[in-house]
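Trainee: sequence-free structure coming up:
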């Protein structure tokens, strides 16, 4: 049972464009929603995270939008750069349960020069 | 500052062989996790630990065992490897609090023939 569904599987964007990756979750008890970035041959690394008390969080070119009623959250990458080419994973957890992250399936982003 | 170190980086096993993957962290984190990563399936939690001497099952625990004898080490064992266990394995430790973050190792690529 996949509790966090991520789309699209792959995404190709031109340099300077906006990359948008979406995630939907089922468990309303989730209260922590991070995004992880993974480069080939490396482990995932935290990019940005949000908790459900806010609807948006921005860090540089990266923004998370969160819609609690729709049980959806998304990652927006503004002014996408070739260096952003990586696999992105959304995730969700319940912080009082040992914070076991449930990951989405991943999105392979390619930013063309 | 090494962070999270996994050994070995690559391993090829024959069906039925056993092996142990070692994870070491130098950040004094209580929580540690073992994930497996398969194409199109994201990262799935195998086992986790909330402190020295404790372990718990994750989403896909069958065929694996773990031990946390020392706070800095988390071992993942395969007693009788199967081809279905061919995967990339990631260990992570967790920094708790408002600035919560998982720190991942660089992964172990395991092939079971």
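Mentor: That came through fine. Keep in mind the model is a prediction, meaning the values are calculated, not measured.
Trainee: buried set for stretch A:92-106?
Mentor: A:92-93, A:98-106 (16 or more other C-beta atoms under 10 Å in any protein chain shown). From N, CA and C alone the C-beta is placed, and that goes for glycine too.
Trainee: quick one: which of these sit in strands?
Mentor: Restricting those to those inside strands, with DSSP state E as the criterion, leaves A:92, A:102-103.
Trainee: Distance to chain B for these - can I get that in CSV?
Mentor: Listed next are these as CSV, based on distance: C-beta to the nearest C-beta, whole Å:
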residue, distance to chain B
A:92, 12
A:102, 8
A:103, 4
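Trainee: With pLDDT and distance to residue A:5 added, can I get those residues in CSV?
Mentor: Shown next, in CSV, are these (pLDDT from 0 to 100; distance: C-beta to C-beta, whole Å):
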residue, pLDDT, distance to residue A:5
A:92, 94, 11
A:102, 92, 11
A:103, 94, 11
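Trainee: Nearest to residue A:43 among these?
Mentor: Residue A:43 has its nearest neighbour among those in residue A:103, at 12.7 Å by C-beta to C-beta.
Trainee: Close to chain B: what parts of chain A are there?
Mentor: By the criterion of C-beta under 8 Å from any C-beta of the partner chain, the positions of chain A lying close to chain B are A:4, A:6, A:9, A:32, A:34, A:36, A:41-46, A:49, A:89, A:95, A:98-106.
Trainee: can you do 7 Å?
Mentor: When proximity is defined by C-beta under 7 Å from any C-beta of the partner chain, chain A lies next to chain B at A:32, A:42-46, A:89, A:98-101, A:103-106.
Trainee: Just put the ones in strands among the buried residues of stretch A:92-106 in CSV and tack on distance to residue B:2.
Mentor: Written out in CSV, the entries for these read as follows (distance: C-beta to C-beta, whole Å):
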residue, distance to residue B:2
A:92, 29
A:102, 28
A:103, 24
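Trainee: can you name the farthest residue from the center of chain B?
Mentor: Outermost residue of chain B with respect to the C-alpha centroid, by C-alpha atoms, centre = their mean, is residue B:98; its distance is 24.5 Å.
Trainee: quick one, what contacts it?
Mentor: If you count contacts by C-beta atoms under 7 Å, 6 or more residues apart in numbering or on different chains, residue B:98 has none.
Trainee: where does it fall, helix, sheet strand or coil?
Mentor: Classification of residue B:98 by DSSP: H, G, I helix; E, B strand; the rest coil places it in coil.
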